[in-house]
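*Asks:* predicted model, plus sequence, below.
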Amino acid sequence: MKSTLSLKKNNDFQRVLQKGKWYNGKLISIYILKNNKDINFIGIAVGKKAGKAVKRNRIKRVIREAYRKIDPEIIKGNTIVIVWKSKNVYENLKFCTVKEDMIKCFSKAGILL
RNA sequence: GGAGUAAGUCAGAUAAUCGCGGAUGCUAUUUAUAGCAUAUGAGGAAAGUCCGGGCUCCACAGGGCAGGGUGCCAGCUAACGGCUGGUGGAGGUAACUCUAAGGAUAGUGCAACAGAAAUAUACCGCCUUAGUAAUAAGGUAAGGAUGGAAAGGCAGGGUAAGAGCCUACCAGCAAUAUGGAGACAUAUUGGCUAUGUAAACCCCACUCGGAGCAACGCCAUGGAAGAAGUUUAAGUUGCCCGCUAUUACUUCUUGAAGAAGGCGGCUUGAGGUAUACAGCAAUGUAUAUCCUAGAUAAAUGAUUAUCAAAUACAGAACCCGGCUUAUAGAUUUGCUCUUUUU
RNA sequence: GGAGUGGUGCCGAAGUGGUCAUAACGGCGUAGACUCGAAAUCUAUUGUGAGAUGCAAAUCUCCCGUGGGUUCAAAUCCCACCCACUCCG
C-alpha cells in the first residue's frame, strides 16, 4: 500500500473517534478525519467482544483485504478508522459482503473518486 | 465380521495471480528509506495460568517464629503436585481402568435433629429380691425403638436373666518368624476390643526466601526549582534479626503537562532427528547430523482450479518440563470378549 | 503478557459444616393508614425461583455460577471448569 500507512498510536485512534465524521454500515462503521497530506492513514479496530484471538485476527484480515481492493478509488488526504460492530455474528463474515458494505459507507462519505 | 480396550501418528496438499512479517545479499540515494532477488514464517493444545524450573533484580538467599505445599513404596528428573514400575483397595466376563492411599492406643474439638443413652448410658423389655398390689432396690446390652454410627459377626455352651464369660470359624489388633530393597504378603502365638471425622485443629516425614520480561539494563528527553517541618526512611517477608542503602516523607509558593519514545533482554536450547549401548520402564550415556517465527494496533489472507470432502478446537509475545480443558475427520499397531464359516 | 478479587431472591448484601435459607438486613413491588389529592412518613406483606401431584387448600422434590469429590450431612471444606471486574509501563 504505497498511498496508505497504518495508524499505530492509541492517541491517533482516540482523536479520530472523537473528532471525526461518523458513517454507519451494516457490518462496520467508519470514522473519517481530514489531514493535510497526500497520504491516507487507516486503522482497524475490533472489540474484545467480537471473539477470541483467532476470530479477531480473521476479521482484521478480511477488512484489510477489502480495503486493499478499494484503495485506488479513494481520494487521498484522509485518516480513516474502521470499527467492526461486535454485535455481528461471526458466521456473517464473508469477503464479498464486507467489501460491498465498505463501498456503501465510503460513497456515503463522498470520498470515492 | 461385530463390540470393546490400550498406545500412537497426521491436523489438508498442489498450481496460478495479487498481498503481509522480519532475515540475508545486491543496487540507488539523503544520516534513512526505496527497489530487486533468495530462502523462510504459529500449535497439539500456541489456551487455562494449575504446578515446577531457567533467567533478571532484591545480599547467587542467611538465622528464628509464623504460614503454605506434598503425603502407600521404590526409581527417574534441572525440578515438580509430573512420569515409570510395584503394593493395598474399588470396578469390569476379560483386555484393562480408577485410586489426596501416612497417623484416630500423642492430644484437643465436633457428631445437629431423633433417641433412654453418642463414648458413655437402663426408656420399654428380661431376671432376682422385698411387697397382697401399685411400686422400690439391684443385675442385664439377647430383643424393641432412634440414628449415618448403639459396643465385632454368627453358632454352640453357659446363666436367675445375660454378657468374649468360655469354645470353633470369620473379621480386627499386637508380637514373633520367614520372604522382599521397601510398601507389604504368608504362617504361628497372644490378649480380648479399639465409633466416625485429620479435603477439623493437629502429630510425623520431606519441602518452600520475595517479586516478576509490563522483570531488568542502556540511550535521548524529562523527572523541576525554592522554602519550612519531621525523621532515620525505603527495599529485602507477615513479624524479629541480619543485609543492602544514605536519604525519605509532609506542607506551601512558582512553573510545566502525558496513560511520550528507541535499543537491548529475544531466541542455540535441561533443542530436534538417526543409530548403538544400559535399564522391565520412565530415563540415561555415546557418536553423527540439523538450525527451524521473533512481531509490538502485533505478520499466513483473497480469488480460481484439481484431489470424493476440505470442515474441528483454535493464533507464538522471555524460554523450557508437566498437568488440565477444547477438538471435525483420517489412520496404524497390540490385546480382550463374542458370533459365523472352515 | 503477568498479578489479583468476586459470583447467594428483581437489585445490593449477610450467612464460613448442622433443625429446608420463614433465605438476616436494606432497596423494589403490592395493599392499607395519614391527605381535598400527591410526596414524605408509618404499618402489613399471603410477592419475592423451577418442577411434580391436586378442582382448590396444600404437600413433595430440586435450586447459593457449572460439574465432580470428602463427610452421616456442604452455600460453607477440596479439585476442575465457566463468567464478570480490578491492578501492573
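*Replies:* Perfect, thanks for sending it.
*Asks:* got the contact list for the residue nearest in space to the middle of chain A?
*Replies:* Chain A has residue A:82 as the residue nearest its centroid, 2.5 Å off, counting by CA atoms, centre = their mean. Residues near residue A:82 by CB atoms under 8 Å, 6 or more residues apart in numbering: A:28-30, A:42-45, A:63, A:67, A:102. All C-beta spots, glycine's among them, are computed from the backbone N, C-alpha and C.
*Asks:* residue A:106 contacts residue A:70, correct?
*Replies:* Yes - applying CB atoms under 8 Å as the test, residue A:106 and residue A:70 come out as touching, 6.9 Å apart.
*Asks:* comparing these two, which residue is more hemmed in?
*Replies:* A direct count of neighbours by other CB atoms under 10 Å for residue A:106 and residue A:70 places residue A:106 higher, at 22 against 13.
*Asks:* where's that one relative to residue A:80, distance?
*Replies:* Remark: distance between residue A:106 and residue A:80 (CB to CB, to the nearest Å) = 9 Å.
*Asks:* what do the two both touch?
*Replies:* Residues touching both residue A:106 and residue A:80 (CB under 8 Å, 6+ apart): residue A:30.
*Asks:* surely residue A:69 is in a helix?
*Replies:* Yes - applying DSSP: H, G, I helix; E, B strand; the rest coil, one finds residue A:69 inside a helix.
*Asks:* wait, isn't it in contact with residue A:99?
*Replies:* Yes - under the criterion of CB under 8 Å, residue A:69 is in contact with residue A:99, at a separation of 6.4 Å.
*Asks:* what about these two, which has more around it?
*Replies:* Shown here are residue A:69 and residue A:99; by other CB under 10 Å, residue A:99 has more neighbours (17 against 12).
*Asks:* if we go by neighbour counts, what in the helix or strand where the more buried one lies is buried?
*Replies:* Using DSSP states H and E, residue A:99 sits in helix A:95-109. Counting neighbours by 16 or more other CB atoms under 10 Å, one finds that the buried residues in helix A:95-109 are A:98-99, A:101-103, A:105-106, A:109.
*Asks:* and stretch A:42-59, by the same measure?
*Replies:* Neighbour counts over stretch A:42-59 (16+ other CB under 10 Å) mark A:42-46, A:50-51, A:56, A:59 as buried.
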